[in-house]
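Colleague: Predicted model, plus sequence, below.
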Amino acid sequence: VQLVESGGGLVQPGGSLRLSCAASEFSMDSYAIGWFRQAPGKEREGVSCISSGDGAIYYADFVTGRFTISRERAKNAVSLQLDRLNPDDTAIYYCATGLSIYGSTCLRAHLYAYWGQGAQVTVSS
């Protein structure tokens, strides 16, 4: 199982980025997918996820409608659209995948077995 993130970078406050997480050697359709982030000196936190089973989508409270997670089945990938970014969103963003992670528990990092290498997102003027 291998996950590769892309799309990070430097953006001004109020700007947008699109992160992508591509999978190889397995189909993402059968797995829960989560996006997490870790800022310097802080613990890793859940951002958004797609649950196993019904594919329900969940967002952390701090997202407040600014981010959108979606499957890109043709690419065997999951994307995270980041809009209205602010400096507090600066972090390394990771995607992760695992089996049998249901409901809002898909926002819990410790439930995931496989992780990507991370993509740096920096929001600064």
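Modeller: Okay, I see it. Numbers count the residues shown, from 1 in each chain.
Colleague: name the element the residue nearest the centre of the chain belongs to?
Modeller: The centroid of the chain falls nearest to Trp35 when counting by Cα atoms, centre = their mean (2.1 Å). Using DSSP states H and E, Trp35 falls within strand 32-38.
Colleague: Helix, strand or coil: sort out the closest residue in space to Arg73 that isn't next to it in sequence for me.
Modeller: Of all residues beyond its chain neighbours, the one nearest Arg73 is Asp29 (6.8 Å), with distances taken as Cβ to Cβ, 6 or more residues apart in numbering. For glycine as for every other residue, the C-beta is placed from the backbone atoms N, C-alpha and C. Classification of Asp29 using DSSP: H, G, I helix; E, B strand; the rest coil returns helix.
Colleague: what separates Asp29 from Gly55, distance-wise?
Modeller: According to Cβ to Cβ, to the nearest Å, Asp29 stands 9 Å off from Gly55.
Colleague: what's the overlap in contacts for those two?
Modeller: Residues touching both Asp29 and Gly55 by Cβ atoms under 8 Å, 6 or more residues apart in numbering: Arg71.
Colleague: first vs last residue of stretch 35-47, how far apart are they?
Modeller: Using Cα to Cα, to the nearest Å, the end-to-end distance of stretch 35-47 comes to 5 Å.
Colleague: Would you mark the buried spots in it?
Modeller: Neighbour counts over stretch 35-47 (16 or more other Cβ atoms under 10 Å) mark 35-37, 44, 46-47 as buried.
Colleague: got it, and stretch 20-35?
Modeller: For stretch 20-35, the neighbour count (16+ other Cβ under 10 Å) marks 20-23, 28, 31-35 as buried.
Colleague: do the same with stretch 51-66
Modeller: Under the neighbour-count criterion of 16+ other Cβ under 10 Å, stretch 51-66 has 51-52, 58-60, 63 buried.
Colleague: for stretch 105-114, the distance to its chain's centre please.
Modeller: Put simply, stretch 105-114 sits 11 Å off its chain's centre (Cα atoms, centre = their mean, to the nearest Å).
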